[in-house]
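Undergrad: What follows is a predicted protein model with its sequence.
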Amino acid sequence: MKQMPGYLTLLSIVCLLSLAFTRQPPADLKASMARGKSLYGLYCQSCHGDQGQGVEAVFPPLAKSDYLMADKKRAIQSVLYGVSGEIKVNGKTYNQPMAGFDGKDEEVSDILNYIRNSFGNKGGAINPDEVKAARK
C-alpha cells in the first residue's frame, strides 16, 4: 500500500490544532478542588458556612445554588468583584454585600471548582483562562 505523506501531515496538523483550541479543564480537577477547599475555608466559609448553607436572609447558600450554577461568567465575576444589591438565590432574596476576592486567576478557578463541585452542586470545571477572560 502506498503511503500518503501529505494526507498524514494534514491529519496531524488538524489534530494538533484541535487540541490547541479546545478548552481543557484544569489538568487535575481534584487537585484544583483541594486547593479551592483550603481557600474557601479562609475567605468564604465564615459567611457561607462550612457546608455552603449560608445564613437565612443574610448570606445566600452556595449549596445547590441556582444563582451560582446558572451563569458561569457571573459566578466568576461575583468572586472577583463581589456582589452588591438584591439577588435571588433558590427563590429567596438577599441584599447583603459580598466583597470580591483579589486573587490570582488560578486561585479564583480553584475556589469556584470547589464550590461548583461540592455541596450538592454539579458544575463543569473553570480554568484560569476563563477567569482571566472574565476580568473587566
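TA: Sure, I can see it.

Undergrad: So A125 lies in a strand, does it not?
TA: No: read with DSSP: H, G, I helix; E, B strand; the rest coil, A125 is coil and lies in no strand.

Undergrad: Let's see the pLDDT reported for the residue nearest to Q96 when sequence neighbours are not counted.
TA: Excluding the flanking residues, the one nearest Q96 by Cβ to Cβ, 6 or more residues apart in numbering is V58, at 5.5 Å. Where C-beta positions appear, they are placed from N, C-alpha and C, glycine not excepted. V58 is assigned a pLDDT of 96 by the prediction.

Undergrad: So that it lines up with my notes, have the first residue be 20 from now on.
TA: From this message on, residue numbering opens at 20, which makes the last subject V77.

Undergrad: Pull the contacting residues for the most centrally placed residue in the chain.
TA: Centroid-nearest residue in the chain: L131, 3.5 Å away (criterion: Cα atoms, centre = their mean). By Cβ atoms under 8 Å, 6 or more residues apart in numbering, the contact set of L131 is G55, A94, I95, V98, I145, V150.

Undergrad: can I get these in TSV with neighbour count and secondary structure?
TA: Below are those laid out as TSV (neighbours: other Cβ atoms under 10 Å; DSSP: H, G, I helix; E, B strand; the rest coil):
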residue	neighbour count	secondary structure
G55	26	helix
A94	22	helix
I95	22	helix
V98	25	helix
I145	29	coil
V150	24	helix
